[in-house]
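Participant: This is a predicted model, with the sequence first.
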Amino acid sequence: MKMSDYWTTMASLVGMLAFCQTILQLVFPPELRLAFVHLLTRMRHVFSSHTYFDITEIDGVNTNELYNAVSLYLSSSVTVNGSVSAAAGNNSTRLSLTRVPNSSSVTFGLSNNDRITDVFDGATVLWEHVVVQRQVQSFSWRPMPEEKRGFTLQISKRDRALVLDHYLDHIVGKAEEIRRRSEERLLYTNSRGVSLDARSHPWDSVRFKHPSTFETLAMDPERKRRIMEDLREFANGQGFYQKTGRAWKRGYLLYGPPGTGKSSLIAAMANYLGYDIYDLELTEVQNNSELRKLLMKTSSKSIIVIEDIDCSISLTKREKVKKNKSNNGCYDPDLTSGSGLMDEPGSSVTLSGLLNFTDGLWSCCGSERIFVFTTNHIEKLDSALLRSGRMDMHIHMGFCRFQALKILLKNYLRMEEGEVDGVVLKEMEEFVEEAEITPADVSEVLIRNRSDAEKAVRELVCVLKERVVRRRKSGGVKKKKEEGEDDDEEEAEEEQEKRALDSPNRNREFFGFENEKDEVEEK
Ligand SMILES: Nc1ncnc2c1ncn2[C@@H]1O[C@H](COP(=O)(O)OP(=O)(O)OP(=O)(O)O)[C@@H](O)[C@H]1O
Ligand SMILES: [Mg+2]
């Protein structure tokens, strides 16, 4: 029997089975019909010369990254390569055009239930975008999304190995490349009351177009270099993490006064690595289990941010609670309420829940993720959160120093060091540290006078000098006050801790702990 005859016979058999299926649907009761339909569909697949793969948008509890990759690949292939052509029988390909708010480009996609063919390594494959309306439920504890979406890939059985071994990898690689090239990141946020069932997505996203980069970030160049190196090592470190048996994630704690560039650093990190940002609003999360579900719905290559962690969750020091309990044996609601480990289980997000989120088994359900916490008051954080190994790097974002000031002059006035008057530059160097001015305040002065660089620089020097004078005066008053006061033991303890955090040694070593620094250096 010739090959062509074989395929003709098979095609007629498949046609017959499809005909039987239709007849059955008309004659028999629904249950029996369903059983027959299942049987016939199976038989049809056995005799068919094709294999089908379903790639659904939601895979169990997780979003299916392959679905997004296919979607991106097909849209770009249509527009860029021209390698995808209209499906056989379709004279024209119907594409849906989308322009997401804030996006600079139009995205092409397959319309609902439309088909398109692609050729890979000589093999022709057929993609179908399947969108099914969900049946309206009269009542449900968990609201379901209205549509069920997925791609069906039809390939010839003989090309099965080729497709499974290379084509899907090719698609994922291409999608990755397209995303990086498009330089468009997504900024996700969670909001209260979003349904957290297995299928829906609890994160809302917008295009993220923050202009902050490591180049524009006003920071000591050496510290900047080390952070960039650390990020690069992390992003390229799949092998390292696998070899050492560590989850492929990294934690950064950014601390310092308001306006010193913590959020700007996060944006620079995202732009540098090409990662999306998940801005987690902890106050909107009702309990630990919701927190876990949110984590499960984040994608890899992302930065999960919790800003102002000391405000989002009450992290009163456990030492204090313990001390309070042992001192007078009573339970002080002020100290224990919302204090993480002391919370009623299940009622709210607790410290232990948060630590599990970043560090426990659940933090590994996904890979290549960076956790960033920011705070203006590191001294308020529980030591469990600060202890070595929890957050890999502690980065102090401090007041503006001379090196950082020069970067701001370049950013806002396009002035290089040599272009600033020598005397003015010297004055700046002399006063900037003592002035304790934030980069945000410096930026404000420079933006105000950006049309006149000379004036901007002069005004900045005036502002610096004023601050120094003010600080010297208030410093004297404070000192006198302190001498007359009899601080209680606990306050003194806290003050000491604060000083330790702000000490020049600590600032010089921007990693919070010596051993963490070693760890990075070892790598
Ligand atoms: N280190 C910096 N380099 C460049 N610009 C900075 C820096 N710090 C602050 N700025 C400027 O000041 C503004 C505020 O900075 P940013 O929001 O990053 O500070 P923050 O530390 O996150 O403050 P907060 O603690 O209030 O959240 C930014 O828009 C940026 O223009
Ligand atoms: Mg901020």
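Facilitator: That came through, no problem. Ligands and ions are numbered 1, 2, ... in the order given.
Participant: Any residues of the stretch 251-400 of the chain in contact with ligand 1? List them.
Facilitator: P258, G259, T260, G261, K262, S263, S264, N376, M397 (CB under 6 Å from any ligand atom). (Each C-beta comes from the backbone N, C-alpha and C, glycine too.)
Participant: For F139, give me the pLDDT.
Facilitator: What the model reports as pLDDT for F139 is 56.
Participant: Buried among the residues of the stretch 251-400 of the chain next to ligand 1? Need that as a selection in ChimeraX.
Facilitator: A single ChimeraX command selects the buried members of these (16 or more other CB atoms under 10 Å):
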select :259,260,261,262,263,264,376,397
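Participant: The residues of the stretch 251-400 of the chain next to ligand 1: which ones sit near ligand 2?
Facilitator: Contacts with ligand 2 within those, as defined by CB under 5 Å from the ion: K262, S263.
Participant: Need the residues of the stretch 251-400 of the chain next to ligand 1 in TSV (columns: pLDDT and secondary structure).
Facilitator: Output for these, formatted as TSV (pLDDT from 0 to 100; DSSP: H, G, I helix; E, B strand; the rest coil):
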residue	pLDDT	secondary structure
P258	95	coil
G259	95	coil
T260	96	coil
G261	95	coil
K262	96	helix
S263	96	helix
S264	96	helix
N376	94	coil
M397	95	coil
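Participant: Among the residues of the stretch 251-400 of the chain next to ligand 1, which one lies nearest to ligand 2?
Facilitator: S263 (3.2 Å; CB to the ion).
Participant: who's in contact with E222?
Facilitator: Applying CB atoms under 8 Å, 6 or more residues apart in numbering, we find E222 in contact with no residue.
Participant: Average pLDDT for whichever helix or strand it is part of, rounded please.
Facilitator: Here E222, judged by DSSP states H and E, is contained in helix 221-235. Helix 221-235 shows a mean pLDDT of 94.
Participant: Would you mark the buried spots in that helix?
Facilitator: R223, K224, R226, I227, D230, L231, F234, A235.
Participant: Is it in proximity to ligand 1?
Facilitator: No - under the criterion of CB under 6 Å from any ligand atom, helix 221-235 makes no contact with ligand 1; the nearest approach is 9.6 Å.
Participant: ok so, going back, can you tell me which of the buried residues of helix 221-235 is closest to ligand 2?
Facilitator: I227 (16.6 Å).
Participant: Name the strands paired with whichever strand or helix holds L254 and say parallel or antiparallel.
Facilitator: For L254, the host element (DSSP H and E) is strand 249-255. Sheet pairing of strand 249-255 (DSSP bridges) gives strand 369-375 (parallel), strand 393-396 (parallel).
Participant: so can I have CSV of the ones you listed showing mean neighbour count and mean pLDDT?
Facilitator: Output for these, formatted as CSV (neighbours: other CB atoms under 10 Å; pLDDT from 0 to 100):
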stretch, mean neighbour count, mean pLDDT
strand 369-375, 24, 94
strand 393-396, 22, 94
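Participant: C-alpha coordinates for the strand or helix carrying G150, CSV please?
Facilitator: For G150, the host element (DSSP H and E) is strand 147-156. Once non-C-alpha atoms are left out, strand 147-156 reads as follows in CSV (Å, rounded to 0.1, in the frame of the first residue of the first chain):
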residue,chain,number,x,y,z
GLU,A,147,-13.4,33.2,29.6
LYS,A,148,-11.2,30.1,29.5
ARG,A,149,-8.3,30.7,27.1
GLY,A,150,-5.7,28.5,25.6
PHE,A,151,-3.7,27.6,22.5
THR,A,152,-4.0,24.3,20.8
LEU,A,153,-1.0,23.2,18.9
GLN,A,154,-1.6,20.7,16.1
ILE,A,155,1.4,18.9,14.8
SER,A,156,2.0,15.9,12.6
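Participant: what's near enough to touch T298?
Facilitator: Contacts of T298 (CB under 8 Å, 6+ apart): Y188, W203, Y278, I304, G366, R369.
Participant: anything in stretch 289-308 near ligand 2?
Facilitator: No - using CB under 5 Å from the ion, stretch 289-308 never reaches ligand 2; the gap is at least 5.7 Å.
Participant: so when I look at V131, I'm seeing a strand, right?
Facilitator: Yes - assessed by DSSP: H, G, I helix; E, B strand; the rest coil, V131 belongs to a strand.
Participant: So what does the residue nearest to it when sequence neighbours are not counted have for phi and psi?
Facilitator: Leaving aside its chain neighbours, V131 sits nearest to N112 (4.0 Å; criterion: CB to CB, 6 or more residues apart in numbering). Here is the backbone geometry of N112 (degrees, to the nearest 10): phi -60, psi 130.
Participant: Let me know how buried N112 is, in neighbour terms.
Facilitator: Number of residues near N112 (other CB atoms under 10 Å) recorded here: 14.
Participant: ditto for F120
Facilitator: 16.
Participant: ok, now E184?
Facilitator: 17.
Participant: now do S352
Facilitator: Neighbours of S352 (other CB under 10 Å): 16.
Participant: okay if I get the contacts of T298 as a markdown table plus distance to I23 and secondary structure?
Facilitator: As requested, those are exported to a markdown table (distance: CB to CB, whole Å; DSSP: H, G, I helix; E, B strand; the rest coil):
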| residue | distance to I23 | secondary structure |
| --- | --- | --- |
| Y188 | 50 | strand |
| W203 | 47 | strand |
| Y278 | 52 | strand |
| I304 | 55 | strand |
| G366 | 48 | coil |
| R369 | 53 | strand |
